[in-house]
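> A predicted structure for the sequence below; I have some questions about it.
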Amino acid sequence: MKYGVFFAFVALAAASCGNNLRIGDFSVSPIPENITLTEGKPFEFGGRVVIQSPNELGTIAGLLASDLEEALGKKPEISVKKGNIILATDSAMPKEGYRIECGKDALKITGGSPAGVLYGARTVYKALPSPGEGRAALPAAVVEDSPEYPYRGFMVDVARHFFSVDYLKELIDIMSLHGINVFHWHLTDDQGWRVPVPGYPKLTEVGSFRPGTIVAPGSDEYDTIPVVGFYTEDEMKEIVRYAADRQITVIPEIDLPGHMLAALASYPELGCTGGPYEVPQRFGVFEDVLCPGKDATIAFAKAVLEEVMDIFPSEYIHLGGDECPKERWEECPDCQARIKALGIKAIKGKSKEEQLQTWFMDQMRSTLKARGRKMMGWDEVLEGTPDKDIVVCAWTSPSAVSRSASEGHPTIVCPIQHYYFSNPRFNKLQGRESISRVYDFNMVPDGLTLEQAGNIIGSQACIWTEWVADSTKMEWEMLPRLAAVAESQWGCPKDLDAFLPRLKRMTELYDRRGWNWKEDIAEAWK
Ligand code: ACM
Ligand code: ZN
């Protein structure tokens, strides 16, 4: 665990105020590991500002220029030769780390990689004073920082409700502001299929459409607002590029073998009963799932994954594996014949059908492996006998985090009780309680050995969109709690009272960018 923010010299800010300078503050969120204020005058943005950047950091220079324009009203120039904001890399530094050296004549941002430079540039942006009268400046300082966890994710479900490419780019901008480096894109579910797959045209003709939606949990009423849409291959590649420019990897999810009603409505022959099936207008866990007893199902799922791997270059592909009831498989002659042919027997704590799921997931995992990819799944994959290199998203409880990490899986922390921002129960919490439920949650459960704790590679917040039909609600759920998750991912020391002023500064940035946020949280700093 990292800790410590050091202040060496603090006198000059007051001395400069008479000059009508607005001096910023490097105590941003996530809080950098070391902030050392140094002697000397601040760096002023009043005159000519030129970003000096080698060509390979051109994209990051462009992002910094746009950020500075947003904050200061004037876009800096970018030059490969000479400037007073200097971007550089130093491979001796931690890969995602950065160092900011800020003085009167220059502001230098050095990163261990382009990602590090970007995080340094974001810290500079967030450290700037709020817009106002007078010249903006940053104090003379050295700031050093690097994130603790390599996987810093955020998941968005576009199956229950559909979100446009342009809006997904905005969500990626929000993620980027928080130092997130993985966009987990939940692309398929019972209520909608969003990926065209060659040879299976009905997936988008049938599966990407539903005529209405239940109006509230437990209601008998349905609206008649169609939910429809899918992404073309080019659009998905565009999202991958847009995210990569911001040092974010897109990990697609095809949720197998449960949560498949949209696919079954399109191709009923892939289910145990043969259907007919419908794209459901209500939510929950459905008994109709893919039939792993049929060769056609295996061929279908493999074709989907081949297409997904063509589009997405990520090392990991998420294959779901959650909430797959076994009732149909228990009754299905094809599933039972498969179990027999494979010689599967019930073993202690694992039914034949649970092991059939492991077999099915393994078929898919080898499809990924053949192209050098790895599988990610929800923690139900632990119910079978999964290979150790499967990355597990532990969602059902903090004890699932313990189980996954102690069984040796690279583990991503995302328990529903803390990191599902769409959870209606936890959305009802207000003010300090709402933020502390996320912020104070310890990613590493008690009782793990050091080695087991080392299997925790990061965390992610998740937004499931059953009850999120538009951007206003999406942002309301996402913000500002994402900043709380981001501090945990970054490894910042936990101190809620110290965090709240930083969070308030974040909400000022959200306001400037027109992003909605959960307004009751402001109670916490009143
Ligand atoms: C999940 O929330 N079913 C992964
Ligand atoms: Zn079956």
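All right, it came through fine. Residues are numbered from 1 along each chain as shown. Ligands and ions are numbered 1, 2, ... in the order given.

> so where's the protein shaky on pLDDT?
1-19 (pLDDT under 70).

> which parts of it sit against ligand 1?
Applying Cβ under 6 Å from any ligand atom, one finds that the chain approaches ligand 1 through Asp322, Glu323, Trp378, Trp395. Placement of C-beta: from N, CA and C, glycine included.

> one more pass at 8 Å, please.
Proximity of the chain to ligand 1 (Cβ under 8 Å from any ligand atom) is limited to residues His259, Gly320, Asp322, Glu323, Trp378, Cys393, Trp395, Thr396, Ile416, Tyr420, Cys462, Trp464.

> export those to CSV and append columns for neighbour count, distance to ligand 2 and secondary structure.
What follows is those, written out as CSV (neighbours: other Cβ atoms under 10 Å; distance: Cβ to the ion, whole Å; DSSP: H, G, I helix; E, B strand; the rest coil):
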residue, neighbour count, distance to ligand 2, secondary structure
His259, 25, 16, coil
Gly320, 25, 18, strand
Asp322, 17, 19, coil
Glu323, 16, 17, coil
Trp378, 24, 21, strand
Cys393, 31, 26, strand
Trp395, 22, 26, coil
Thr396, 19, 25, coil
Ile416, 18, 29, helix
Tyr420, 20, 31, strand
Cys462, 22, 29, strand
Trp464, 21, 27, coil
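
> and these, which is closest to Asp334?
His259 (20.2 Å; Cβ to Cβ).

> so that closest one touches Gly321, yeah?
No: in this structure His259 lies outside contact range of Gly321 using Cβ atoms under 8 Å: 9.7 Å.

> ranges for the strands of the stretch 51-200 of the chain?
Counting by DSSP state E, counting those that start in this stretch, the stretch 51-200 of the chain has strands at residues 77-79, 85-89, 98-102, 107-111, 135-138, 141-145, 151-157, 182-186, 188-189, 192-193.

> on contacts alone, who are the packing partners of the very next helix or strand once past the last one?
Spelled out, it's strand 192-193. On the C-terminal side of strand 192-193, the closest following helix or strand by DSSP states H and E is helix 202-205. If you count contacts as 3 or more Cβ pairs under 8 Å, 6 or more residues apart in numbering; DSSP states H and E, helix 202-205 packs onto helix 261-266.

> residues touching the helix it packs on, excluding its own?
With Cβ atoms under 8 Å, 6 or more residues apart in numbering as the test, helix 261-266 has contacts from 159, 188-193, 200, 202-203, 205-208, 270-271, 275-280, 286, 288, 290, 300.

> now do the same end-to-end measure for stretch 358-377.
11 Å (Cα to Cα, to the nearest Å).

> number of residues surrounding Leu509?
22 (other Cβ atoms under 10 Å).

> what's the answer for Lys302, then?
16.

> check contacts around it.
Taking Cβ under 8 Å, 6+ apart, one finds Gln363, Met364, Thr367 in contact with Lys302.

> which SS state does the last one fall under?
I take that to be Thr367. Counting by DSSP: H, G, I helix; E, B strand; the rest coil, the backbone at Thr367 sits in helix.

> Ile251 too?
Ile251 ends up strand, using three-state DSSP.

> that one touches Met309, doesn't it?
No: at 12.0 Å, Ile251 does not count as touching Met309 under the criterion of Cβ under 8 Å.

> comparing these two, which residue is more hemmed in?
Between Ile251 and Met309, Ile251 has the larger neighbour count (other Cβ under 10 Å), namely 23 against 18.

> quick one: the more buried one and Val438, what's the gap?
In this structure, Ile251 and Val438 are 22 Å apart, going by Cβ to Cβ, to the nearest Å.

> ok, now which ones touch Phe183?
With Cβ under 8 Å, 6+ apart, Phe183 has these contacts: Gly153, Phe154, Val156, Leu171, Ile172, Met175, Ala243, Ile248, Thr249, Val250, Ile251.

> residues from this protein in reach of ligand 2?
Selection of the chain residues close to ligand 2 by Cβ under 5 Å from the ion yields Cys272, Cys291, Gly293, Cys332, Asp334, Cys335.

> now, the residues you listed that are in helices?
Asp334, Cys335 (DSSP state H).

> so what's the residue most central in space within the chain up against?
For the chain, the residue nearest the mean C-alpha position is Phe154 (1.6 Å; Cα atoms, centre = their mean). Contacts here follow Cβ under 8 Å, 6+ apart; on that basis Phe154 touches 171, 175, 178, 180, 182-184, 460-463, 478, 482, 485.

> just those residues: which are in helices?
Leu171, Met175, Met478, Leu482, Val485.

> what's the distance between the second one and ligand 1?
Pointing back at Met175 there. Relative to ligand 1, Met175 is positioned 19 Å away (Cβ to the nearest ligand atom, to the nearest Å).

> which residues touch that residue?
Here Met175 is in contact with Phe154, Phe183, Arg246, Ile248, Leu482 (Cβ under 8 Å, 6+ apart).

> farthest pair in these?
Most distant of the contacts of Met175, by Cβ to Cβ, are Arg246 and Leu482, 14.8 Å apart.

> report the buried members of the contacts of helix 261-266.
159, 188-193, 200, 203, 206-208, 270-271, 277, 279-280, 286, 288, 290, 300 (16 or more other Cβ atoms under 10 Å).

> from the residues of the chain next to ligand 2, pick the one nearest Leu68.
Cys291 (55.9 Å).

> show me what contacts the nearest residue to the closest one once chain neighbours are set aside?
Of all residues not flanking Cys291 in the chain, Cys272 sits nearest, at 4.3 Å (Cβ to Cβ, 6 or more residues apart in numbering). Cys272 sits next to Asp288, Val289, Cys291, Gly293, Arg328, Trp329, Glu331, Cys332, Asp334, Cys335 when contact means Cβ under 8 Å, 6+ apart.

> mind putting those residues in a markdown table, distance to Val49 included?
Converted to a markdown table, those look like this (distance: Cβ to Cβ, whole Å):
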| residue | distance to Val49 |
| --- | --- |
| Asp288 | 60 |
| Val289 | 57 |
| Cys291 | 62 |
| Gly293 | 65 |
| Arg328 | 64 |
| Trp329 | 64 |
| Glu331 | 70 |
| Cys332 | 67 |
| Asp334 | 67 |
| Cys335 | 66 |
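
> from the residues you listed, pick the one nearest Thr411.
Nearest to Thr411 out of those is Val289 (Cβ to Cβ; 25.2 Å).

> so what's the residue count around the residue in the stretch 351-500 of the chain positioned nearest to ligand 2?
Across the stretch 351-500 of the chain, the shortest distance to ligand 2 (Cβ to the ion) belongs to Leu356, at 9.0 Å. Close neighbours of Leu356, defined as other Cβ under 10 Å, add up to 23.

> shouldn't it be within a strand?
No: secondary structure of Leu356 (three-state DSSP): helix, not part of a strand.

> that one touches Ala341, doesn't it?
No: counting by Cβ under 8 Å, Leu356 stays clear of Ala341, with 10.9 Å between them.

> which neighbours do the two share?
What both Leu356 and Ala341 touch, as defined by Cβ under 8 Å, 6+ apart, is an empty set.

> and of the contacts of Phe183, the nearest to ligand 2?
When the contacts of Phe183 are compared against ligand 2 (criterion: Cβ to the ion), the nearest one is Ile251, at 28.6 Å.
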